[in-house]
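Engineer: Predicted model and sequence below, questions to follow.
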Amino acid sequence: MGASKKDLRRREQKKAEEAGTRVATTKGGVAVKAPKEQVQCNVCKAMLVKEQKVQLKDHATNKHPKSEFSSCFPGVTV
Ligand SMILES: [Zn+2]
């Protein structure tokens, strides 16, 4: 029997580890993505993903039409 997928993965991880490029993985060996940075709406305290600019804009426009975007998400530029 040759090397199983698990062995291969372990070998890959070892290689990556030696190269200093190892990424965090789950038990199953799947790379864990870094949690997305979230930003909180200053008006209604909703949490939104910071990089989803369209959603932020939509949120400000639809939920708080009377508020400026900058008062919903101060410090966020779109
Ligand atoms: Zn809001």
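Structural biologist: Happy to help now that I have it. Just so it is clear, the model here is predicted, and its values are computed rather than measured.

Engineer: After the helix or strand of the chain with the lowest mean pLDDT, which helix or strand is next?
Structural biologist: Scoring the helices and strands of the chain by mean pLDDT, DSSP states H and E places helix 5-19 at the bottom, with a mean of 87. Per DSSP states H and E, helix 5-19 leads on to strand 38-40 as the next helix or strand towards the C-terminus.

Engineer: Check the offset of that following strand from the chain's centre.
Structural biologist: How far strand 38-40 lies from its chain's middle: 12 Å, per CA atoms, centre = their mean, to the nearest Å.

Engineer: in its sheet, what does that strand sit against?
Structural biologist: strand 47-49 (antiparallel) (DSSP bridges).

Engineer: is the ion contacted by the strand it pairs with?
Structural biologist: No: using CB under 5 Å from the ion, we find that strand 47-49 stays clear of the ion, coming within 8.3 Å at best. In short, each C-beta sits where N, CA and C put it, glycine included.

Engineer: which is the next helix or strand following that strand?
Structural biologist: Using DSSP H and E, the next helix or strand after strand 47-49 towards the C-terminus is helix 53-63.

Engineer: which outside residues touch the least confident helix or strand of the chain?
Structural biologist: A3, R22, V23, T25, G29 (CB atoms under 8 Å, 6 or more residues apart in numbering).

Engineer: Tell me which two in these are the farthest apart.
Structural biologist: A3 and V23 (21.4 Å; CB to CB).
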